[in-house]
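Novice: Generate coordinates for the sequence data below:
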Amino acid sequence: MSALLHAQPLSVPTNKLRRRDGPAPGVVVYKCTVPETFALTFDDGPGEYADELLNTLDRLGAKATFFVNGNNAGSLDDPELADRVLRTYNAGHQIASHTYSHADLTTIGPDQIRSEMTQLDDQLKRIIGVRPTYMRPPYGSFDDQMLGIMSELGYRVISWDIDTNDWQHPDDPSASLSVIQSEVKNASENGNNIALAHETIQTTVSTFTEAAVADIRSKGYRLTTISECLGDPSGAYRD
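Specialist: Numbers count the residues shown, from 1 in each chain. So this is what the prediction gives:
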């Protein structure tokens with residue numbers, strides 16, 4: 001049965017957070033704050049390789065954060081894609097916002113920015129029953145106007161400090177892995193990283209993810225969701 005058949009619309013203020021722990025809304029975060037944690041994040045989904053990625057993460061017992069779009073690789077109004085999001089959520093991974101259409105939020109007006117956020121919020125509310133409190137701006141692009149609106153809406157803004165650049169070399173997962181390896185080889189110096197990858201890249205799913213998890217764990221890191229690595233385990237969602 002499709003997740004879309006379980007719609008339970010509920011009108012609540014968009015900034016009604018469950019808790020006030022974690023980073024302040026509208027402030028850009030680049031690294032984890034909880035010692036010995038590492039957050040592996042995947043943008044631009046849900047894509048066609050989502051089930052394979054979830055199978056790999058489940059087999060490895062690893063948790064990740066998925067910054068999803070409402071209408072980019074496909075629409076969350078599609079029951080198949082909605083079910084992938086629901087499976088991700090039910091598996092204990094974190095669902096976070098990557099805007100509705102993957103728009104560059106620094107190139108559009110305030111009303112459009114709000115619409116990019118609330119449209120996806122409404123879709124996710126129908127699918128998983130809650131709305132995210134964490135977001136990542138497409139292209140990592142932000143400015144004062146965008147951050148002010150994220151603060152107004154109650155969004156914690158997540159960037160990264162490790163970019164695998166997997167989209168630049170989709171046929172060479174070893175290039176992405178080498179970035180991770182170089183960052184984690186001296187765990188005591190670097191530490192507490194947030195890594196960016198894309199679930200829409202086939203080799204990221206089929207090859208990179210398992211090898212990256214092994215390398216990260218070999219240095220004693222615990223793979224967690226973004227909210228957990230920021231000391232906010234109960235604050236990933238709002239009603």
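Novice: in which helix or strand would I find the closest residue to Ser206 other than its chain neighbours?
Specialist: Across the structure, with C-beta to C-beta, 6 or more residues apart in numbering as the measure, the residue nearest Ser206 apart from its sequence neighbours is Glu52 (6.8 Å). (C-beta placed from N, C-alpha, C; glycine too.) Using DSSP states H and E, Glu52 sits in helix 50-60.
Novice: and what of Ala39?
Specialist: Ala39 is part of strand 37-45 when elements are defined by DSSP H and E.
Novice: Likewise for Val179?
Specialist: helix 173-184.
Novice: The following helix or strand past that helix to helix 173-184, inter-axis angle?
Specialist: Moving toward the C-terminus from helix 173-184, the next helix or strand (DSSP H and E) is strand 194-198. For strand 194-198 against helix 173-184, the angle by axes from the mean of the first three to the mean of the last three C-alpha atoms, to 10 degrees is 170 degrees.
Novice: Direction included, what does strand 194-198 pair against?
Specialist: Strand 194-198 pairs in its sheet with strand 37-45 (parallel), strand 162-163 (parallel), by DSSP bridges.
Novice: Could you find the closest non-adjacent residue to Val130?
Specialist: Closest residue to Val130 apart from its sequence neighbours, by C-beta to C-beta, 6+ apart: Tyr237 at 3.8 Å.
Novice: wait, Leu53
Specialist: Excluding the flanking residues, the one nearest Leu53 by C-beta to C-beta, 6+ apart is Val205, at 4.5 Å.
Novice: where does that neighbour fall, helix, sheet strand or coil?
Specialist: Secondary structure state of Val205, per DSSP: H, G, I helix; E, B strand; the rest coil, is helix.
Novice: Tell me how many other residues surround the spatially closest residue to Tyr221 that is not a sequence neighbour.
Specialist: Excluding its sequence neighbours, the residue lying closest to Tyr221 (C-beta to C-beta, 6+ apart) is Phe38, at 4.0 Å. Residues near Phe38, counting by other C-beta atoms under 10 Å, number 28.
Novice: So the closest residue to Gly92 other than its chain neighbours versus Gly45, what's the distance?
Specialist: Of all residues not flanking Gly92 in the chain, Lys63 sits nearest, at 5.8 Å (C-beta to C-beta, 6+ apart). Lys63 sits 16 Å away from Gly45, going by C-beta to C-beta, to the nearest Å.
Novice: And for Ile180?
Specialist: As judged by C-beta to C-beta, Ile180 and Gly45 stand 20 Å apart.
Novice: With neighbour numbers in mind, choose between those two.
Specialist: A side-by-side neighbour count of Ile180 and Gly45, using other C-beta under 10 Å, places Gly45 first with 25 against 22.
Novice: wait, what's in contact with that one?
Specialist: Residues near Gly45 by C-beta atoms under 8 Å, 6 or more residues apart in numbering: Phe66, Phe67, Val68, Asn69, Ala73, Arg84, Glu199, Thr200.
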